[in-house]
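Student: take this sequence and fold it.
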Amino acid sequence: MSLEQELIERLQQLNPTHLAVVNESAGHGGYFPGKESHFKVSIVSEDFAGLRLVQRHQKVYAAAGDLLSAGKIHALAIHAYIPTEWTGQAPESPECAHAPKT
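Tutor: Down below sits the predicted model:
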């Protein structure tokens, strides 16, 4: 199973009403086809109600668990919302300074 699919399955425990996991590895240095190292997560859940941003991120980290260890996911951008905050779109990711040059 791919890291992306494992991450999606683990984040289901947060009862998302919206979940998008994007593999952004191709935009980072050292990329090769099939590499899974950098991900962006947009997640909307009532489980985040009453939590500060850092607490929401901690819940996502806890759900991801050992996927965030060496040799697996190197970077995880998290956009965590409650349903009333969700506008239908997460912010764009910045360009990586070490991205392959085209």
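
Student: after the longest helix seen in the chain comes which helix or strand?
Tutor: What stands out as the longest helix in the chain, according to DSSP state H, is helix 53-64. On the C-terminal side of helix 53-64, the closest following helix or strand by DSSP states H and E is strand 75-81.

Student: in that following strand, which residues are buried?
Tutor: By neighbour count, with 16 or more other CB atoms under 10 Å as the criterion, the buried positions of strand 75-81 are Leu76, Ile78, His79, Ala80, Tyr81. No exception for glycine: its C-beta is placed from N, CA and C like everyone else's.

Student: can you list the strands that that strand pairs with?
Tutor: strand 38-44 (parallel) (DSSP bridges).

Student: pLDDT on the partner strand, on average?
Tutor: Averaged across strand 38-44, pLDDT comes to 93.

Student: and Thr87, what element?
Tutor: No secondary structure element spans Thr87, as it lies outside all helices and strands (assigned by DSSP H and E).

Student: what's the local residue count around it?
Tutor: Other residues lying near Thr87 total 6 when counted by other CB atoms under 10 Å.

Student: same question for Ile8.
Tutor: 17.

Student: where does pLDDT dip in the chain?
Tutor: Segments of the chain classed as low confidence (criterion: pLDDT under 70) are 27-35, 94, 96-102.

Student: residues in contact with the spatially most central residue of it?
Tutor: Averaging the C-alpha coordinates of the chain gives a centre point, and the residue nearest to it by CA atoms, centre = their mean is Val41 (2.7 Å). By CB atoms under 8 Å, 6 or more residues apart in numbering, the residues touching Val41 are Leu7, Leu11, Leu19, Ala20, Val21, Val22, Val60, Leu76, Ala77, Ile78, His79, Ala80.
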